[in-house]
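S.K.: just coords:
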């Protein structure tokens, strides 16, 4: 028998840790979002929620919380890499580059998988079994992205560092980071607001 549902328990446990912020009311929206995120990640639920529609009914909207978080982390690392790189010791700069490559890898993985899920939910038949490159080509065909070619470069760069992590290949990924961040942010915004079918 459950005395509290898991949502209440989650909010109470976290709320006790941050009682000062919690009591101001500004922490509640963040906790609600974390709760939704934890439920989707740990229970593998369909990432769709409903919100009020203009006609008074409800409409289904996909939630891209995980993609949004990875983009945010990628942005932090790009900014750190670009900020005063000349004044850092080389070992620190190399560590930042390594972290940037890893975040590029993870963000790209999350982006194409979110795109695949989005296209599948929208009823695009070929999206259910597609590879990263085919998914991004389909995304270009339906208008989620303007051009698939930069995405082909991102995917190739990611695949090359996954199998052979040389300094030269890592530098190639670092060189793509700013353009990738811009493109993945646009993809996120488009998927958050656009229906393709």
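M.R.: Noted; the coordinates are in hand. Everything numeric here is computed off the predicted structure, so don't read it as measured data. Residues are numbered from 1 along each chain as shown.

S.K.: going forward, measure contacts between C-alpha atoms and count neighbours the same way
M.R.: OK.

S.K.: helices and strands of the protein: which one bottoms out on pLDDT?
M.R.: Every helix and strand of the chain was ranked by mean pLDDT, DSSP states H and E. The lowest is helix 19-24, at a mean of 45.

S.K.: residue boundaries of the strands in the chain?
M.R.: Using DSSP state E, the strands of the chain run over 48-52, 58-62.

S.K.: Let's test this: mean pLDDT of the first one, rounded?
M.R.: I take that to be strand 48-52. Confidence over strand 48-52 (mean pLDDT, whole number) is 55.

S.K.: going forward, begin numbering at 556 instead of 1
M.R.: Let's use 556 as the start, then, which means that last one is strand 603-607.

S.K.: Show me which helix runs longest in this structure.
M.R.: helix 645-676 (DSSP state H).

S.K.: now for that helix, which elements pack on it?
M.R.: helix 620-637, helix 687-697, helix 704-718, helix 722-748 (3 or more CA pairs under 8 Å, 6 or more residues apart in numbering; DSSP states H and E).

S.K.: Can you get me a residue count around residue 687?
M.R.: 20 (other CA atoms under 10 Å).

S.K.: quick one, what contacts it?
M.R.: 667-668, 710 (CA atoms under 8 Å, 6 or more residues apart in numbering).

S.K.: if you set the cut-off to 7 Å instead, what comes out?
M.R.: Going by CA atoms under 7 Å, 6 or more residues apart in numbering, residue 687 touches residue 667.

S.K.: Look up how far residue 628 lies from it.
M.R.: 21 Å (CA to CA, to the nearest Å).

S.K.: just residue 686 next, same as before
M.R.: 25 Å.

S.K.: Distance check, residue 621 against residue 704.
M.R.: Taken as CA to CA, the span from residue 621 to residue 704 is 25 Å.

S.K.: who has more neighbours, these two?
M.R.: residue 621 (16 against 13).

S.K.: Could I get the pLDDT score of the more buried one?
M.R.: 86.

S.K.: I'd like the distance between it and residue 666.
M.R.: Taken as CA to CA, the span from residue 621 to residue 666 is 10 Å.

S.K.: shared neighbours, these two?
M.R.: By CA under 7 Å, 6+ apart, residue 621 and residue 666 have no common neighbours.

S.K.: how about stretch 689-697: buried residues?
M.R.: Buried residues in stretch 689-697, counted by 16 or more other CA atoms under 10 Å: 689-695.

S.K.: for stretch 704-720, same thing?
M.R.: Neighbour counts over stretch 704-720 (16+ other CA under 10 Å) mark 706-707, 709-710, 712-713, 715-716 as buried.
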